[in-house]
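> dropping the sequence and predicted coords here.
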Amino acid sequence: MSKYIFFTGGVVSSLGKGIAASSLGRLLKSRGIKVSIQKLDPYINMDAGTMNPYQHGEVFVTEDGAETDLDLGHYERFIDENLTRLHNVTTGQIYGAVIDKERRGDYLGGTVQVIPHITNEIKNRIKRVAEAGDAEVCIVEVGGTVGDIESLPFLEAIRQFKHEVGDDHVMYVHLTLVPHLGAADELKTKPTQHSVRELRAIGISADAIICRTEYPLTQETREKIALFCDVPASAVVQSRDAQSIYQVPLNLEAEGLADQVCRKFGFGERTLDLEEWRAMVRNIQRPKGGVKVALVGKYVELKDAYISISEALYHAGVAQNVAVEIVRIDSEALEEKGVEALAGISGILVAPGFGARGIKGKLLAIRHARENGVPFLGICYGMQLACVEFARNVCGLDHAHTREVEPETPHPIIDFMENQRNLKVMGGTMRLGAYPCSIVPGTLAAEAYGELEISERHRHRFEFNNKYQELFERHGMVFSGRYVAADLVEMIELPGHPFFLGTQAHPEYKSRPTRPAALYRRFVAASVERARVDSADAAHRDIA
Ligand code: GLN
């Protein structure tokens with residue numbers, strides 16, 4: 001029978017609960033324990049797919065095409081396992097399922113209530129993950145902060161859980177903030193005490209407390225928290241601000257968190273193998289050089305909007321021992337001010353996106369990359385716009401566009417797939433999840449992947465319009481990847497350019513810190529080369 005670790009958060013949001021849960025997952029996996037992680041999200045949307053990045057940061061996509069909370073991205077990157085739609089549960093799904101059952105008559109004669117009907121549905125979904133993946137340990141993160149009205153049914157469900165599976169199968173980990181007061185030069189434990197008390201009022205006693213802190217916790221502080229929060233001092237664990245999120249598992253290992261878990265669950269001594277992870281973190285700490293890459297998008301001011309892309313660039317850099325500096329460039333600003341913002345940049349990544357806002361800037365960036373031999377990676381909308389740019393400025397189709405922005409364009413280079421044309425339902429209806437792609441031998445794509453049959457995850461409604469393929473080819477575009485079964489374009493590239501490649505997919509979703517995505521890796525390598533040539537040129541000019 002599986003063991004369950006429930007993660008809750010207190011005091012403030014954004015403490016990095018997802019990273020802490022993922023890190024513990026990595027530490028258990030590194031002990032040879034089969035782990036799974038699930039997120040319970042208290043919002044009423046069925047999934048994150050219909051929320052914009054201002055609401056919720058990026059939408060992460062799983063192999064099976066679920067549009068999930070971005071924490072699932074952290075989970076996958078840390079535990080290096082593919083998760084599914086079962087791993088992200090929302091209030092909307094829970095109520096939706098219960099209401100469907102009520103209409104079917106499953107509860108005939110009864111009053112349908114939060115307890116037990118909603119809480120039972122929540123518990124069933126937690127158990128389903130354990131059963132589907134035969135995980136030894138299921139980590140379950142409850143979104144939000146203890147004290148929120150929205151998360152109460154989830155907290156009640158995880159409280160009840162212990163009675164169903166037994167005390168020795170359940171562990172509650174609570175993450176809090178231990179702020180430092182500058183004036184008093186003191187770490188304050190009161191918010192933690194209050195938050196743990198709040199949790200206890202709901203009936204949950206924490207087994208371990210992870211304290212986010214800027215400064216190290218003294219033994220005295222640990223003992224104080226232990227006393228007031230009713231846990232052993234050894235179960236008060238600090239998580240200090242780290243230079244890289246990938247350091248967090250190592251920090252938590254030093255604090256003995258995973259050992260606590262193994263003791264509680266009676267796992268006995270397990271050999272720990274963190275060598276690959278440690279080597280990766282060493283690379284992060286000691287890069288041999290750096291490279292500046294532009295990320296052109298319309299949500300650049302939002303830290304969470306492009307997490308998977310930023311991480312994929314980061315992973316690609318780590319693998320090559322270079323620090324990738326991501327210069328976020330607002331596509332609307334580029335539209336107004338022109339391409340000067342791209343000076344000194346060695347690679348340009350044009351981000352995914354939807355709608356008209358900011359696309360002029362993206363088109364300018366693409367043209368600049370194409371005409372000046374600057375490495376270019378177009379992701380999804382980035383690829384589609386590269387096709388629009390090529391149609392207009394190389395093939396001479398002045399009014400070429402994507403039907404998404406210009407429904408009446410005379411040249412719909414990017415168009416609806418037939419089954420998308422008259423769609424009335426927006427949620428979960430894009431081309432989502434993993435699709436196979438066949439690569440043309442001898443292309444840049446083939447070189448980057450090192451194989452000809454690949455698969456990447458998708459999230460888009462529009463596709464390249466095959467009617468224009470021949471014209472594009474005559475002008476030098478190579479169609480290097482195809483989803484053969486549906487005859488859809490997956491990748492385009494320009495030979496003769498150091499690196500100009502667009503992909504309809506999102507390879508960033510599968511990038512892992514120890515296994516970077518192939519296209520990102522190759523793009524960063526091209527950017528490093530560009531930086532080398534640029535600096536050699538500059539040195540040459542100085543001498544001259
Ligand atoms: N808006 C485009 C589409 O729906 C691209 C989506 C994306 O970049 N993920 O096809």
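Great, that's in hand. Numbering: from 1, shown residues only.
> near the ligand, which residues of this protein are found?
Proximity of the chain to the ligand, by CB under 6 Å from any ligand atom, involves residues Pro352, Gly353, Phe354, Cys380, Tyr381, Gln384, Glu404, Arg459, His460, Arg461, Phe462. No exception for glycine: its C-beta is placed from N, CA and C like everyone else's.
> go again using 8 Å as the cut-off
351-355, 379-382, 384, 402, 404, 414, 430-431, 458-463, 506 (CB under 8 Å from any ligand atom).
> which residues of the stretch 151-300 of the chain fall in strands?
With DSSP state E, counting those that start in this stretch as the criterion, the stretch 151-300 of the chain has strands at 170-177, 180-181, 186-187, 208-213, 236-240, 289-297.
> quick check: which of these is nearest to Ile326?
Nearest of the strands of the stretch 151-300 of the chain to Ile326, taken as CB to CB: strand 289-297 at 5.2 Å.
> pull out the buried residues from that closest one.
Val291, Lys292, Val293, Ala294, Leu295, Val296, Gly297 (16 or more other CB atoms under 10 Å).
> got the strands of the stretch 151-300 of the chain as CSV, with mean pLDDT columns?
Formatted as CSV, the strands of the stretch 151-300 of the chain follow (pLDDT from 0 to 100):
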stretch, mean pLDDT
strand 170-177, 96
strand 180-181, 90
strand 186-187, 88
strand 208-213, 95
strand 236-240, 94
strand 289-297, 95
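> export those strands to CSV and tack on distance to Glu418?
Converted to CSV, the strands of the stretch 151-300 of the chain look like this (distance: least, CB to CB, whole Å):
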stretch, distance to Glu418
strand 170-177, 48
strand 180-181, 59
strand 186-187, 61
strand 208-213, 50
strand 236-240, 51
strand 289-297, 29
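> least trustworthy helix or strand in this structure by mean pLDDT?
Ranked by mean pLDDT, DSSP states H and E, the weakest helix or strand in the chain is helix 53-56, scoring a mean of 79.
> so who does Arg512 touch?
Glu76, Arg77, Asp80, His315 (CB atoms under 8 Å, 6 or more residues apart in numbering).
> mind jotting down where the helices sit in the stretch 301-450 of the chain?
Using DSSP state H, counting those that start in this stretch, the helices of the stretch 301-450 of the chain run over 307-319, 331-337, 359-372, 381-393, 444-449.
> and the one residue sitting closest to the centre of the chain, how far from Glu253?
Note on the chain: the residue nearest the mean C-alpha position is Gly73, at 3.3 Å, using CA atoms, centre = their mean. Distance of Gly73 to Glu253, computed by CB to CB, to the nearest Å: 22 Å.
> quick one, longest helix in the protein?
helix 518-543 (DSSP state H).
> go through that one and flag the buried ones.
Under the neighbour-count criterion of 16+ other CB under 10 Å, helix 518-543 has 518-531 buried.
> next one: stretch 324-334
By neighbour count on 16+ other CB under 10 Å, the buried set for stretch 324-334 is Val324, Ile326, Val327, Arg328, Ile329, Asp330, Ser331, Glu332, Leu334.
> sorry, back to before: need the contact list for the residue nearest to the centre of the chain.
Shown in contact with Gly73 (CB under 8 Å, 6+ apart): Glu58, Phe60, Ile307, Ser308, Glu311, Tyr509.
> okay, those residues in CSV with pLDDT and neighbour count next?
Shown next, in CSV, are the contacts of Gly73 (pLDDT from 0 to 100; neighbours: other CB atoms under 10 Å):
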residue, pLDDT, neighbour count
Glu58, 92, 22
Phe60, 96, 26
Ile307, 94, 20
Ser308, 96, 26
Glu311, 96, 23
Tyr509, 98, 27
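> can you pull the contacts of Ala369?
By CB under 8 Å, 6+ apart, the neighbours of Ala369 are Ile348, Pro375, Phe376, Phe500.
> at 7 Å instead, please
Listed by CB atoms under 7 Å, 6 or more residues apart in numbering, the contact set of Ala369 reads Ile348, Phe376, Phe500.
> measure it to the ligand for me?
17 Å (CB to the nearest ligand atom, to the nearest Å).
> any stretches of this protein with poor pLDDT?
In the predicted model, the chain carries pLDDT under 70 at residues 544.
> circling back: contacts for whichever helix or strand comes after the least confident helix or strand of the chain?
Next in sequence after helix 53-56, counting helices and strands by DSSP states H and E, comes strand 60-61. For strand 60-61, the surrounding residues in contact (CB under 7 Å, 6+ apart) are 67-70, 72-73, 308, 432-433, 457, 459, 506, 509.
> also stretch 250-257?
By CB under 7 Å, 6+ apart, the residues outside stretch 250-257 that reach it are 23-24, 27, 208, 234, 237-240, 242, 274, 278, 281.
> try it again at 10 Å.
Applying CB atoms under 10 Å, 6 or more residues apart in numbering, the external contacts of stretch 250-257 come out as 19-20, 23-24, 26-28, 30, 173, 208, 210-211, 217, 234-242, 244, 249, 258-259, 262-263, 272, 274, 277-278, 281.
> and these, which are buried?
Here, 16+ other CB under 10 Å leaves 19-20, 23-24, 26-28, 30, 173, 208, 210-211, 217, 235-239, 242, 249, 258-259, 262, 274, 277, 281 buried among those.
> by contact count, what packs against whichever strand or helix holds Arg457?
Assigned by DSSP H and E, Arg457 falls within strand 453-460. Contacts defined by 3 or more CB pairs under 10 Å, 6 or more residues apart in numbering; DSSP states H and E place strand 453-460 against strand 60-61, helix 381-393, strand 431-439, helix 444-449, strand 478-483, strand 488-493, helix 518-543.
> direction included, what does that strand pair up with?
Sheet pairing here is set by DSSP bridges, and for strand 453-460 it gives strand 431-439 (antiparallel).
> name the residues of the strand it pairs with that come out as buried.
Neighbour counts over strand 431-439 (16+ other CB under 10 Å) mark Arg431, Leu432, Gly433, Ala434, Tyr435, Cys437, Ile439 as buried.
> circling back to that earlier point, export the helices of the stretch 301-450 of the chain to JSON lines and append columns for distance to Glu418.
Putting the helices of the stretch 301-450 of the chain into JSON lines (distance: least, CB to CB, whole Å) gives the following:
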{"stretch": "helix 307-319", "distance to Glu418": "29"}
{"stretch": "helix 331-337", "distance to Glu418": "30"}
{"stretch": "helix 359-372", "distance to Glu418": "24"}
{"stretch": "helix 381-393", "distance to Glu418": "17"}
{"stretch": "helix 444-449", "distance to Glu418": "26"}
